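Asks: here's my sequence, what's the structure:
(one chain, ligands or ions: 1)
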Amino acid sequence: MARTILITGATGAVGTEVAARLAAAGHSVIGMVHQTREFVRGSGRRLPAGAVVPLSGDITTPGLGLSSRQRSELRGRVDLIVHCAAMTDFGRDPAVYDTVNVDGTARIIEFATSGSRSAAPLVHVSTAYVCGERDGVISEAELDTGQRFANHYENSKFRAELAVRAAAEHGLPAVVVRPSIVTGAARTGVIRDFSNMYVVLRVLTRGLVRTIPGHYDAVIDLVPIDFVADAIGQVCERFDDAAGHTLHLTGAPPLTLRDFSDVMAEFPSLHVPRYVPPYGFEPTLMPDLERRYYERVVALYESYFRRRAVFDTSTAQRLIEARPAAGGRPYLRRLLRYGMRAGYFLPAPPPACAQPEPRTTGGAVRQ
Ligand SMILES: NC(=O)c1ccc[n+]([C@@H]2O[C@H](COP(=O)([O-])OP(=O)(O)OC[C@H]3O[C@@H](n4cnc5c(N)ncnc54)[C@H](OP(=O)(O)O)[C@@H]3O)[C@@H](O)[C@H]2O)c1
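Replies: Numbers count the residues shown, from 1 in each chain. Sure, this is the predicted structure:
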């Protein structure tokens, strides 16, 4: 049944792919646009004109930055909301995560439950790392276990999920999906934005940081973007079955740091970092430039090299047909090959070469 679906963060990496699938399935898709106005897919192609109706909005502004007329007209039309919008860069001012991820989600809930119509069902895109720094098997039903968070992003997504759960207890039909670390398409490795974990991999594979604290058996869960978008599309199609549930969208099988190390070593032009036990790691002993790269880039993600979380996916497997294509080492090879073809993962420069200073934008990692 064709429905009218509002997607926030519709120009983002995940949002655009979800919008493409929902539009192709015949739904009327309204994509909230904020600063970026173009819907560009991982392949670099724009969505066909008219596939998504853009709507300027800001989830950090009361009323989503819409006039009251626009808001009530939208509320009257929308049958389902997919909330993808978020601040996903690491290293920003902590207040930004509160404003965009926590308060922004509260505004979406307020919009979904406003007016005289029954509440608009909500698919909330969270992250598997709301589990914080916990190790071991993480179930989809768990949320608040007193966990410690590695950064403000995780903490803010946790609080956003708490708000969605509270609203669900008061009658908002909601599904929470939790992707792990979203990376390139399963069969090609293609990705639109080289951000977050890619930035760390670039610094490491260039040898700009040569030693990092970590455990070889730490688990880094990379999930292909096409699987994430397919799964969210299916959740929208089967919303009534999925309502009230939380679904982990993760890679299969997840990769360990040992896998990373071995696969990187297959590419002679890439540097392979050395992992040292975290208790013995002392950044002040690093050469000056390497320490700056470590502090400005790698340190933001360092806890991911220590964790041993394994995400249970029983609910996702029961409720959706989409399955991640076989991942593991072959998938990591595809990601590295694509990054090299795209000129993002560059060969390590000869030691005598002058290295560029690490770049940051507004405190956030954007290399
Ligand atoms: N990427 C991952 O590895 C990953 C992993 C797990 C979970 N997730 C979750 O998946 C969702 C989508 O992630 P993504 O990777 O697609 O993120 P992304 O590429 O960074 O896109 C974020 C989107 O949110 C929009 N946005 C930011 N601030 C906004 C505001 N104030 N009002 C309205 N829209 C705003 C952005 O628009 P502008 O650019 O125009 O500001 C952009 O379209 C997020 O909720 C994220 O937490 C992502």
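
Asks: surely Val298 and Leu204 touch.
Replies: Yes. Assessed by C-beta atoms under 8 Å, Val298 is found in contact with Leu204 at 7.2 Å. C-beta here means a position set from N, CA and C on the backbone, and glycine is covered the same way.

Asks: what touches both of these two?
Replies: Shared contacts of Val298 and Leu204 (C-beta atoms under 8 Å, 6 or more residues apart in numbering): Ile212.

Asks: next structured bit after the helix or strand where Ile30 lies?
Replies: Per DSSP states H and E: Ile30 is located in strand 28-33. Per DSSP H and E, strand 28-33 leads on to strand 52-56 as the next helix or strand towards the C-terminus.

Asks: residues of whatever helix or strand comes next after that following strand that come out buried?
Replies: If you walk from strand 52-56 toward the C-terminus, the next helix or strand you reach (DSSP H and E) is helix 68-77. Using 16 or more other C-beta atoms under 10 Å as the burial criterion, the residues of helix 68-77 that qualify are Arg71, Leu74, Arg75.

Asks: need these in JSON lines with distance to Val276, can you?
Replies: Output for those, formatted as JSON lines (distance: C-beta to C-beta, whole Å):
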{"residue": "Arg71", "distance to Val276": "54"}
{"residue": "Leu74", "distance to Val276": "53"}
{"residue": "Arg75", "distance to Val276": "54"}
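
Asks: all helices for the chain, in order.
Replies: Secondary structure of the chain (DSSP state H): helices at 13-24, 68-77, 94-97, 104-112, 152-169, 197-205, 225-237, 239-242, 257-265, 288-293, 299-301, 314-319, 328-341.

Asks: with adjacent residues omitted, what lies nearest to Gly63?
Replies: Leaving aside its sequence neighbours, Gly63 sits nearest to Arg71 (C-beta to C-beta, 6 or more residues apart in numbering; 5.7 Å).

Asks: touching, that neighbour and Pro62? I think so.
Replies: No. Judged on C-beta under 8 Å, Arg71 makes no contact with Pro62 at a distance of 10.3 Å.

Asks: which residues touch the residue in the chain positioned nearest to the ligand?
Replies: The minimum distance from the chain to the ligand, using C-beta to the nearest ligand atom, falls at Gly12 (2.3 Å). By C-beta under 8 Å, 6+ apart, the residues touching Gly12 are Cys84, Ala85, Ala86, Thr88.

Asks: 10 Å - rerun?
Replies: Remark: with contacts taken as C-beta atoms under 10 Å, 6 or more residues apart in numbering, Gly12 is in contact with 18-19, 31, 34, 36, 39, 84-86, 88, 125, 192-193.

Asks: quick check on Pro277: phi, psi?
Replies: Backbone geometry at Pro277, expressed as degrees, to the nearest 10, gives phi -60, psi 130.

Asks: neighbours of it, just the number please.
Replies: 10 (other C-beta atoms under 10 Å).

Asks: and if you look at Met340?
Replies: Other residues lying near Met340 total 17 when counted by other C-beta under 10 Å.

Asks: the ligand contacts on this structure?
Replies: 8-9, 11-15, 32, 34-36, 57-60, 84-86, 88, 100, 104, 125, 127, 157, 179, 181-182, 193, 196 (C-beta under 6 Å from any ligand atom).

Asks: report pLDDT for the nearest residue to His271 once chain neighbours are set aside.
Replies: Of all residues not flanking His271 in the chain, Gly207 sits nearest, at 3.3 Å (C-beta to C-beta, 6+ apart). Note for Gly207: predicted pLDDT of 93.

Asks: doesn't Phe345 make contact with Gly207?
Replies: No. At 11.6 Å, Gly207 does not count as touching Phe345 under the criterion of C-beta atoms under 10 Å.

Asks: shared neighbours of those two, anything?
Replies: By C-beta under 10 Å, 6+ apart, Gly207 and Phe345 have these common neighbours: Leu270.

Asks: looking at these two, which one has more neighbours?
Replies: Using other C-beta under 10 Å as the criterion, Gly207 and Phe345 rank with Phe345 on top: 23 against 17.
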